[in-house]
Each structure stands twice: as C-alpha cells, then as structure tokens.
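Engineer: structure, please.
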Amino acid sequence: MHAAVTKPPSTEPIRTRQTGGNSRNLKTFNPFLPGPWLPEIPWETRVTLPILLDIEASGFGRGSYPIEIGLARTDGSSCAFLIQPLEEWVHWDPKAELLHGISRARLAREGRPVREVAQWINDELSETRIAYSDSWGYDNTWLSLLFHHAGMLPHFRLEALRRLLDEEQLNRWAELKEAVIAEGGIQRHRAGDDARLLQLTWQKAQAIERND
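Structural biologist: Alright, predicted model coming up:
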C-alpha cells in the first residue's frame, strides 16, 4: 500500500534467472558479446533484476493489516495474492479502498488464507532469500503481522530498496518512476503491478551512469 506522495524506494534482496549460451567454442564464447552468430544483446536484458515486494493494506496506522501481497520476480514476471482477513482484522479505511479498489466483500470471496499466502512467499523467495520494498517501514510491519498470524517464520529478509541506489539514482527516482508510468501498462495501487513498476524504475535507474 502506498501513500499518494511519491518517495524514494527502500531495499530488499533479490533473485535471478539468466538465459544464454551457445555450445560453440565454450572457452572463448561470451553470449553477451556481438558476433557473426549472435547480435549484441541490449544491456538492460543482461542485468539481474532484484525481487520487489509490495503490499496493499486496509489503511495506515493502528489496526491496519495486509490485504494483497505482490512480487516482481527476477525474470520480470509478477504475481500477487489477495488475503482473506481474519475475524479480528476489522480495520477498514474507505479512502484506501478508493486507491486500491479492493472491497472487503471481494477479499472474503477471493482472498487466500493467511497461512497459504505466507507459505507462498517463503516458497517464492526460497532461493534468493531476499526481497526489496520501497516502503520498508509499512511493508515490514504488515509482513510481520501476516507471518505472526500464520504461525510461521519468514525464510527471507525484506530490505529497503534505497539500499540498491546511489545518490543520483535516489534524487532522480520520482522522475524515472513517472517516466515508467507514462509508458503505460501499469495498474497503480495493485500489489503485483506496483512491484513491477518499482522493478522497471530500478532498471531504468541503472542506465543513468551509462547514458550520462
């Protein structure tokens, strides 16, 4: 869940998948170098993407709880689960609902049990053991609440995304994020899409020193 204001991101660990390779001349072959058998691969496709985690919540402050968790994976795909609220989770902020567009009725109908969602996150992050968030304070609190009620321990670390960025990238983050939004295809304030938005913005930030 994100406040309306744009802010620099926080950091969390990452996970990767990379393709490549040609069996020809294995000692000298480099799949990232141009050659007669392979055109040059754009720099952006060679970079290991960090895993981004995003949470939508019932609102902010005391009594709030997670209602959707999304991940952007290292291969650029994204996924998300709605969370079925527990009986004691009664907090609800209508203003937050206006942002994410998720009703309590939909959560009751389509949400997955807390333990199932916690297990899914552990499974998704079983290799990298780290994910990043641009709202670490809120997301870490909601994530801790989820695992507490699931009766499980997280098998990964959540880090602030800003730890992956240098000073110039942080200063230009809002500008870069707006540029990604302007390119279209992102549904704001849904956990999976917001996680992917952060990942695309991080990817664009990596090109700053190369292009400047």
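
Engineer: mind listing the helices for the chain?
Structural biologist: Taking DSSP state H as the criterion, the chain carries its helices at 94-100, 104-110, 114-124, 136-150, 167-171, 173-182, 191-206, 208-211.

Engineer: any chance of CSV for those, columns mean pLDDT?
Structural biologist: Formatted as CSV, those follow (pLDDT from 0 to 100):
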stretch, mean pLDDT
helix 94-100, 93
helix 104-110, 96
helix 114-124, 98
helix 136-150, 97
helix 167-171, 96
helix 173-182, 93
helix 191-206, 94
helix 208-211, 64
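
Engineer: ok, which of those comes nearest residue 72?
Structural biologist: In terms of Cβ to Cβ, the element of these nearest to residue 72 is helix 191-206, at 4.0 Å. C-beta coordinates here come from the backbone N, C-alpha and C atoms, glycine included.

Engineer: other SSEs contacting that closest one?
Structural biologist: Applying 3 or more Cβ pairs under 8 Å, 6 or more residues apart in numbering; DSSP states H and E, we find helix 191-206 packed against strand 52-57, strand 66-72, strand 78-82, helix 173-182.

Engineer: please identify the deepest-packed of those.
Structural biologist: strand 52-57 (a mean of 28; mean count of other Cβ atoms under 10 Å).

Engineer: what about residue 151, how many residues nearby?
Structural biologist: Counted with other Cβ atoms under 10 Å, residues neighbouring residue 151 total 9.

Engineer: for it, give its distance to residue 113.
Structural biologist: Going from residue 151 to residue 113 by Cβ to Cβ, to the nearest Å gives 12 Å.

Engineer: related to what we said a few turns ago, which of the helices of the chain sits closest to residue 82?
Structural biologist: Of the helices of the chain, nearest to residue 82 by Cβ to Cβ is helix 104-110, at 5.2 Å.

Engineer: surely residue 200 meets residue 180?
Structural biologist: Yes - between residue 200 and residue 180 there is a contact under Cβ atoms under 8 Å: 4.8 Å.

Engineer: and the residue lying closest to residue 101 once chain neighbours are set aside, how far is that from residue 136?
Structural biologist: Spatial nearest neighbour of residue 101, excluding adjacent residues (Cβ to Cβ, 6 or more residues apart in numbering): residue 189 at 7.3 Å. With distances taken as Cβ to Cβ, residue 189 is found 18 Å from residue 136.

Engineer: which one's more surrounded, these two?
Structural biologist: Legend: neighbour count by other Cβ under 10 Å for residue 189 and residue 136, higher for residue 136 (21 against 18).

Engineer: so that one touches residue 163, yeah?
Structural biologist: No - assessed by Cβ under 8 Å, residue 136 is found out of contact with residue 163, at 9.3 Å.

Engineer: list the contacts for the residue most central in space within the chain?
Structural biologist: By Cα atoms, centre = their mean, the chain has its centre lying nearest to residue 52, at 2.4 Å. Applying Cβ atoms under 8 Å, 6 or more residues apart in numbering to residue 52 gives the contacts 12, 71-72, 131-134, 161, 195-196, 198-199, 202.
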